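Visitor: Here you go, sequence then predicted model.
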Amino acid sequence: MSKPRRIVIKLGSQALCTPGGALAPDVIHSLADQVAELRDDGWEVLIVSSGAVAAGRGVVGDATDCLSNPVATKQVLAAVGQVHLVAAWQLAFRPHDLTTAQVLLSKADFQSREHYLDTRACLGAALAAGFVPIINENDVVAATEFMFSDNDELAGLLAGMVGAQVLALLSSVDGVLDPANGEVIETWDDQRHTIDRVVRKEGSGMGRGGMHSKLSQARKSAALGTRVVIANGRAKRVLKHIVDDDSVGTRFPASPQVAPAKRWLAVMDDHAQGAVTINDGARDALLDSDHLASLLPVGIEHVEGDFERGDVIQVRDMAGRLLGCGRADYNGALARQVLGRRDQKPLIHYDYLYIYD
């Protein structure tokens, strides 16, 4: 069977809500019409929809002013607003006889390989059944350490998880503006553009994200094999233009597709259970793009942490620079026993080793 065509569409609060914070039904209905058209053309669509907290604030007004804890306030607003957000999407898809499936995720759902595969299977089943997943962070229960930086990050993780060909990051701007001339950069080029030169690191007043976040995620997802577009979610037929690769927004061409296990590992460096320091010879072998290399004990100088077989561990060079991460084939105690020895099985097999550019 041919690989399904999949697109992850991330919609920010700025695109979905009025300046006062209420949901904008006309925008949601327009986007639902466009999604229905994509599905008729054979695309499977996943929507990462911001707007729950903003919608909740629009519903409750000043009722939460009595709450002194900002985290609790956000959780309550999300609990109220998520109901209205999903109901708005379902209402918009009803004329197209499409059913939405609410999926609430936390970062913990990506941190173990088992949870990651379970989540991927759930989303695949929803798509196979013909549903449109409406995905958001589970703000009601998310602790700070398990929060996504914003929904741009969540959308990028999902694009890698489901093997999406396209990731659309939609907000209220037409694309990434070149500060030199004020015009939209049509195609991002790392040789010509840098994030810090193009945009300041700041967020909008309504959501946690901002252009700095979008650029970081767009570059990362493109490097993992997903074509990315940053565009205006309110532009006419924006989704059709994006899938047809027309000149709309700022486009980030996809690098060659990365294996599913490596897409998971690419986001796991912050959740490693241990680390190894490798010598210069091992470093050169791992960084050689012309050869496939596993990490052997003979190249390891130091082992940190009491990790178990299957845990993710970081790989560093002698200068302490983070090179990548991988899934350990045996635990830390055994790794210390075979440290520096030849003729041993790899600590990290190439198939489960991700090296950063």
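Guide: Now that the structure is in, tell me what you want to look at. Numbering: from 1, shown residues only.

Visitor: Tell me who's in contact with the nearest residue to residue 155 once chain neighbours are set aside.
Guide: Of all residues not flanking residue 155 in the chain, residue 10 sits nearest, at 3.6 Å (CB to CB, 6 or more residues apart in numbering). Every residue, glycine included, has its C-beta placed from N, CA and C. Residues in contact with residue 10 (CB atoms under 8 Å, 6 or more residues apart in numbering) are 47-48, 50, 151-152, 154-155, 167-170.

Visitor: and what of residue 47?
Guide: With CB under 8 Å, 6+ apart, residue 47 has these contacts: 8-11, 35, 89, 132-135.

Visitor: could you redo the last one with a cut-off of 10 Å?
Guide: Listed by CB atoms under 10 Å, 6 or more residues apart in numbering, the contact partners of residue 47 are 7-11, 31-32, 35, 89, 93, 100, 103, 132-136, 155, 168.

Visitor: what's the answer for residue 254, then?
Guide: Residue 254 is in contact with 165-167, 221-228, counting by CB under 10 Å, 6+ apart.

Visitor: top helix in the chain by residue count?
Guide: What stands out as the longest helix in the chain, according to DSSP state H, is helix 70-93.

Visitor: what's next to stretch 173-180, contact-wise?
Guide: So stretch 173-180 is contacted by 12, 14-15, 183-186, 188, 192-193, 195, 197-200, 204, 211, 214-215, 218, 229-235, 238, 248-252 (CB under 10 Å, 6+ apart).

Visitor: how about the strands in the stretch 151-300 of the chain?
Guide: Along the stretch 151-300 of the chain, the stretches classed as strands by DSSP state E, counting those that start in this stretch are 166-171, 227-232, 250-252, 274-278, 300-304.

Visitor: Which neighbouring elements make contact with the fourth one?
Guide: With contacts taken as 3 or more CB pairs under 10 Å, 6 or more residues apart in numbering; DSSP states H and E, strand 274-278 sits against helix 280-287, strand 300-304, strand 312-316, strand 322-327, helix 332-337.

Visitor: measure the spatially closest residue to residue 296 that is not a sequence neighbour to residue 295 for me?
Guide: Spatially, and ignoring its direct neighbours in sequence, residue 296 is nearest to residue 346 (5.4 Å; CB to CB, 6+ apart). Noted for residue 346: a distance of 6 Å to residue 295, by CB to CB, to the nearest Å.

Visitor: Neighbour count: these two, which is higher?
Guide: Higher neighbour count among residue 346 and residue 295: residue 295, with 26 against 19, using other CB atoms under 10 Å.

Visitor: before we move on, the earlier item: what strand or helix carries the residue nearest to residue 296?
Guide: Residue 346 is located outside every helix and strand, with elements delineated by DSSP states H and E.

Visitor: List the contacts of it.
Guide: 293-297, 299, 326, 328-330, 352-353 are the contacts of residue 346 under CB under 10 Å, 6+ apart.

Visitor: Report the contact partners of the residue lying closest to residue 330 once chain neighbours are set aside.
Guide: Of all residues not flanking residue 330 in the chain, residue 309 sits nearest, at 5.2 Å (CB to CB, 6+ apart). If you count contacts by CB under 10 Å, 6+ apart, residue 309 has them with 327-332, 334-335.

Visitor: cool, residue 7 as well?
Guide: Residue 7 sits next to 35, 38, 43-47, 159, 162, 164-168, 226-227, 229, 239, 242-243 when contact means CB under 10 Å, 6+ apart.

Visitor: In the stretch 1-150 of the chain, mark out all the strands, start to finish.
Guide: 5-11, 43-49, 100-105, 132-137.

Visitor: quick one, the second one and strand 132-137 angle?
Guide: Translated: strand 43-49. If you take axes from the mean of the first three to the mean of the last three CA atoms, to 10 degrees, strand 43-49 sits at 30 degrees to strand 132-137.

Visitor: Take strand 43-49, keep the C-alpha atoms, and write them as CSV.
Guide: C-alpha atoms of strand 43-49 as CSV (Å, rounded to 0.1, in the frame of the first residue of the first chain):
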residue,chain,number,x,y,z
TRP,A,43,-5.2,14.0,2.4
GLU,A,44,-5.4,12.8,6.0
VAL,A,45,-5.6,15.8,8.3
LEU,A,46,-4.6,16.4,11.9
ILE,A,47,-5.4,19.7,13.5
VAL,A,48,-3.4,21.1,16.5
SER,A,49,-5.8,23.7,17.7
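
Visitor: The chain should start at 25 in everything you say after this.
Guide: Shifting the count to begin at 25 puts that one at strand 67-73.

Visitor: Now do that strand against strand 29-35, angle only.
Guide: Using the same axes, to 10 degrees: strand 67-73 against strand 29-35 is 20 degrees.

Visitor: Check what pLDDT the closest residue to residue 84 other than its chain neighbours gets.
Guide: Nearest residue to residue 84, sequence neighbours excluded (CB to CB, 6+ apart): residue 104, at 5.8 Å. In this model, residue 104 is scored at 87, pLDDT.

Visitor: I'd like to know how far residue 104 sits from residue 41.
Guide: If you go by CB to CB, the gap between residue 104 and residue 41 works out to 14 Å.

Visitor: Mind checking which of those two has more residues around it?
Guide: residue 41 (27 against 21).

Visitor: Quickly list what the more buried one is bridged to.
Guide: As for beta bridges, residue 41 partners with residue 47 under DSSP bridges.
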